[in-house]
Each structure stands twice: as C-alpha cells, then as structure tokens.
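S.K.: I'll drop the sequence and a predicted model, then ask my questions.
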Amino acid sequence: MKPLPHPPRDQIALPAVLDALSDETRLAIVARLAGEGELACGEFLALGSKTNLSYHMAKLREAGVVRTRQDGVFRYMTLRWEDLEARFPGLLQSLLAAIKRDTASARRKTARK
C-alpha cells in the first residue's frame, strides 16, 4: 500500500491549516484526537458517512493538522501537536479552548429551552 503524503513541518502553511479547521466536522475530529490521542478512522463514523469522513480526514492530513498511519487495512490518526506548536505557537490550545467554550455555551442554551 502506498504511504499517504504529509507535508513536512516547515511546509505546513497557516492558510491551509485555518481552512482545514474551518469546518465543524473537522473541528470535532481534532477535538476528539486532542482528548483521546491516536484513533482509528472508523472511530469517527458517528460524524458522517465513510466517503464524507475520508474527505475531511484528507483535508486535515494535507494541511498538516493530523498524521495518518496505515496498519494493514486500518488507518490511525494523531494530531501533529509538536509540528503545529513549532509552526504556530498556541494555535491548537486556543482552538481547543474555543471549542470547549462553544460546546459549553451550546449546552447551556439547549438546557434553557
């Protein structure tokens, strides 16, 4: 099986990262990886169809946000914490804090209804 391409650390571009992080499904993937570490791609099926998820996962990988490791017929994803922190210090921490705030705010609004 041909290895999947990942941009080297020095070629991870901020516009590509921000574009990859501009989608709710991709944000959910990033948040879950941040909380749980490496996960099999199949762990995200609750977020959409296999075809849809493949698209989102490729966007994250091509932007340099995640690394995808192949093991037989399975693929596993991890966040590229060190690479992103080296390129854009504090970006992931700020992003994850915003996701947590937005999730808490949405829960409070739902509880009021």
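M.R.: Noted; the coordinates are in hand.
S.K.: could you use CA atoms for every contact and neighbour count after this?
M.R.: Noted.
S.K.: residues of whichever strand or helix holds L53 that come out buried?
M.R.: Element membership for L53 (DSSP states H and E) is helix 50-63. Across helix 50-63, burial judged by 16 or more other Cα atoms under 10 Å covers L53, H56, M57, A58, K59, L60, R61, E62, A63.
S.K.: same question, stretch 62-71
M.R.: Buried positions in stretch 62-71, judged by neighbour count with 16+ other Cα under 10 Å: E62, A63, G64, V65, V66, R67, T68, R69.
S.K.: now these as CSV including distance to G90?
M.R.: Listed next are these as CSV, based on distance: Cα to Cα, whole Å:
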residue, distance to G90
E62, 21
A63, 17
G64, 16
V65, 14
V66, 16
R67, 19
T68, 22
R69, 25
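S.K.: quick one: L21 and A58, what's the gap?
M.R.: In this view, L21 and A58 are 12 Å apart by Cα to Cα, to the nearest Å.
S.K.: helix or strand with the lowest mean pLDDT in this structure?
M.R.: Within the chain, confidence by mean pLDDT, DSSP states H and E is lowest for helix 91-112 among all helices and strands, at a mean of 80.
S.K.: let me know how buried P15 is, in neighbour terms.
M.R.: Look at P15: counted by other Cα atoms under 10 Å, it has 10 neighbours.
S.K.: and it, which of the three is it?
M.R.: Three-state assignment for P15 (DSSP: H, G, I helix; E, B strand; the rest coil): helix.
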